[in-house]
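# Okay, predicted coordinates and the sequence, questions at the end:
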Amino acid sequence: MEYHFDHEKLLAYQEAIQFAAWLAPRLEDLRTCRVMHDQLERASTSIALNLAEGNARFSMKERSRYLEIASGSTMECAAAPDVLAHKAT
């Protein structure tokens, strides 16, 4: 695989892109729950974007902040099924 940017080499970035692609068709099933649909769409996109931007930062403090945001977005995506399960009951 040919990489044009350093962040593309990151396994976490590659996984984030795969997750966003996996999630996209499943979001269509959430059209009736617009708030959760929008939140999951934003959070899943945020993971990859913050990994890429953080990887471009030179100071470790700045880089860490972007990675923290990506981690937080990952946790949002992980919690979403729990929220949806409780809403369904």
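Arrived safely. Numbers count the residues shown, from 1 in each chain.
# which helix of the chain spans the most residues?
Taking DSSP state H as the criterion, the chain has its longest helix at helix 60-88.
# and that helix, what does it pack onto?
Contacts defined by 3 or more C-beta pairs under 8 Å, 6 or more residues apart in numbering; DSSP states H and E place helix 60-88 against helix 11-27, helix 34-55. C-beta coordinates here come from the backbone N, C-alpha and C atoms, glycine included.
# Most tightly packed of the ones you listed?
helix 34-55 (a mean of 18; mean count of other C-beta atoms under 10 Å).
# Can you work out which other helices and strands pack against it?
If contacts are counted by 3+ C-beta pairs under 8 Å, 6+ apart, helix 34-55 sits against helix 11-27, helix 60-88.
# Nearest to T45, out of those?
helix 11-27 (6.3 Å; C-beta to C-beta).
# pLDDT of the closest one, averaged?
Here helix 11-27 scores 96 as its mean pLDDT.
# could you check the angle helix 34-55 makes with that helix?
160 degrees (axes from the mean of the first three to the mean of the last three C-alpha atoms, to 10 degrees).
# With just CA atoms, put helix 11-27 into CSV.
Provided in CSV are the C-alpha atoms of helix 11-27 (Å, rounded to 0.1, in the frame of the first residue of the first chain):
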residue,chain,number,x,y,z
LEU,A,11,-2.8,1.2,12.5
ALA,A,12,-5.2,3.2,14.7
TYR,A,13,-6.0,5.5,11.7
GLN,A,14,-6.5,2.6,9.4
GLU,A,15,-8.8,0.9,11.9
ALA,A,16,-10.7,4.2,12.3
ILE,A,17,-11.3,4.4,8.6
GLN,A,18,-12.5,0.8,8.4
PHE,A,19,-14.8,1.4,11.4
ALA,A,20,-16.3,4.5,9.7
ALA,A,21,-16.8,2.5,6.5
TRP,A,22,-18.4,-0.4,8.4
LEU,A,23,-20.7,2.0,10.4
ALA,A,24,-22.0,4.0,7.4
PRO,A,25,-24.6,1.5,6.1
ARG,A,26,-25.7,0.8,9.7
LEU,A,27,-26.3,4.4,10.3
